[in-house]
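Student: Have a look at this prediction, sequence included:
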Amino acid sequence: MTATGAHPAIRAIGLRKSYGEQVVLDGIDLEINEGTVFALLGPNGAGKTTTVHILSTLIAADGGDAQVAGCDVGRDPNGVRAAIGVTGQFSAVDKFLTGEENLVLMADLRHLGKVEGRRRAAELLDRFDLVDAARKPVSTWSGGMQRRLDLAMTLVGDPRIIFLDEPTAGLDPRSRRTMWQVIRDLVNVGVTIFLTTQYLEEADRLAGRVAVLDHGRLVAEGTPSELKRLVPGGHIRLEFADTGEMDKAARRFPGASRDDESLALLVPSDGGVGSLRSLLDQLEDASIDVDGLSVRTPNLDDVFLSLTGTPDSRKGAA
């Protein structure tokens, strides 16, 4: 992750959107720094795609203010569009054309000129490892290759901010990891990524900040580590060679849970370095021999399940 920029790439205050009596967004606030990955998580129907559509000028909000790349989304949509790229949930490539033809067509739509358009297409085909298949119809390509082409087409205009709405949906694990590396490479050159995903591991690996959206509200926001600390259940597992050492440790850590069958203690912990250091110091002070140690902290799946899906999940942002 590169250092954040001095100004937010995206800022939204009180965004609201309803369809009839159905409230989709109920006054959300966002601030996303330049050159970072921001992940918006939430169950189906939570409002993730609606948020992307508003910020990328595809639909208008009913209330609130939003700026993208310093341009007001409502008053200067053309300024926003000049600075962004959008890759939706479903591939937007023309499968009857070749990969090269898709990119050249996009370059023409961007008014790059014939020479510059072909140069840009060749550069992106090479960057996304699509050169060998460049002159084959996209209908013959794998799903992962099509998604890479979709993102390459987004980059034809060299956007500063990219909205990726479920970019790896339906991809196999290898193709998903390839896309992750592409996203990291973009951030390394200063591009801001707004990512929506239902793959919690994806957000954990890529995003510097994560927000959880449920029932149209942001119910939590922070770094992945901060969000994991919202959920109880973290512990350090201590394993012992004999019951004598385990009994000594149990007296030292009265709040621990015993697993007599496997000669283990589960000591409640947030999994932080400070907590681990303190526990090790206590073990050393009491001359307790430990046969094995492992740390288990809640993951984003635990956060997601804890904070979403029920009416009382609106607990306020972290």
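Tutor: Received it, and whenever you're ready, just let me know what you need. Numbering: from 1, shown residues only.

Student: what about the residue at the greatest distance from the centre of the chain, distance to Val267?
Tutor: The C-alpha centroid of the chain is most remote from Gly244, which lies 46.0 Å away (C-alpha atoms, centre = their mean). Using C-beta to C-beta, to the nearest Å, we find Gly244 at a distance of 18 Å from Val267. Every residue, glycine included, has its C-beta placed from N, CA and C.

Student: quick revisit: tell me the secondary structure at the residue farthest from the centre of the chain.
Tutor: Secondary structure, DSSP: H, G, I helix; E, B strand; the rest coil: Gly244 is helix.

Student: quick one: buried residues of the helix or strand of the chain with the lowest mean pLDDT?
Tutor: Sorted by mean pLDDT, DSSP states H and E, the helices and strands of the chain end with helix 300-307, the least confident at a mean of 81. Under the neighbour-count criterion of 16 or more other C-beta atoms under 10 Å, helix 300-307 has Leu300, Asp302, Val303, Phe304, Ser306, Leu307 buried.

Student: contacts for it?
Tutor: 41, 200-201, 203-204, 210, 212, 214, 219-220, 224, 227-228, 230-231, 233, 313, 315 (C-beta atoms under 8 Å, 6 or more residues apart in numbering).

Student: Just checking the distance from it to the centre of its chain.
Tutor: From the chain centre to the centre of helix 300-307 is a distance of 14 Å (C-alpha atoms, centre = their mean, to the nearest Å).

Student: which of the contacts of helix 300-307 count as buried?
Tutor: 41, 200, 203-204, 210, 212, 214, 219-220, 224, 227-228, 230-231, 313.

Student: So which of those are in helices?
Tutor: If you go by DSSP state H, those have Leu200, Ala203, Asp204, Pro224, Leu227, Lys228 in helices.

Student: What is the neighbour count of the residue lying closest to His53 once chain neighbours are set aside?
Tutor: Distance criterion C-beta to C-beta, 6 or more residues apart in numbering; nearest residue to His53, sequence neighbours excluded, is Ile59 at 4.6 Å. A count of neighbours around Ile59, defined by other C-beta atoms under 10 Å, yields 13.

Student: ok, now Arg177?
Tutor: Quick note: Arg177 (other C-beta under 10 Å) scores 15 neighbours.

Student: can you give me the offset of the helix or strand hosting it from its chain's centre?
Tutor: Using DSSP states H and E, Arg177 sits in helix 173-188. Computed by C-alpha atoms, centre = their mean, the separation of helix 173-188 from the middle of its chain amounts to 12 Å.

Student: Which other helices and strands does that helix contact?
Tutor: The contact analysis (3 or more C-beta pairs under 8 Å, 6 or more residues apart in numbering; DSSP states H and E) places helix 173-188 against helix 143-154, strand 192-196, helix 200-206.

Student: Just the residues contacting the last one, thanks.
Tutor: Contacts with helix 200-206, where a contact means C-beta under 8 Å, 6+ apart, come from 37, 39, 41, 168, 176, 180, 183-184, 193, 195, 197, 210, 224, 299-301, 303-304.

Student: now the second one
Tutor: Taking C-beta under 8 Å, 6+ apart as the criterion, the residues outside strand 192-196 that touch it are 9-10, 32-42, 48-49, 51-52, 55, 160-167, 183, 186-187, 202-203, 206-207.
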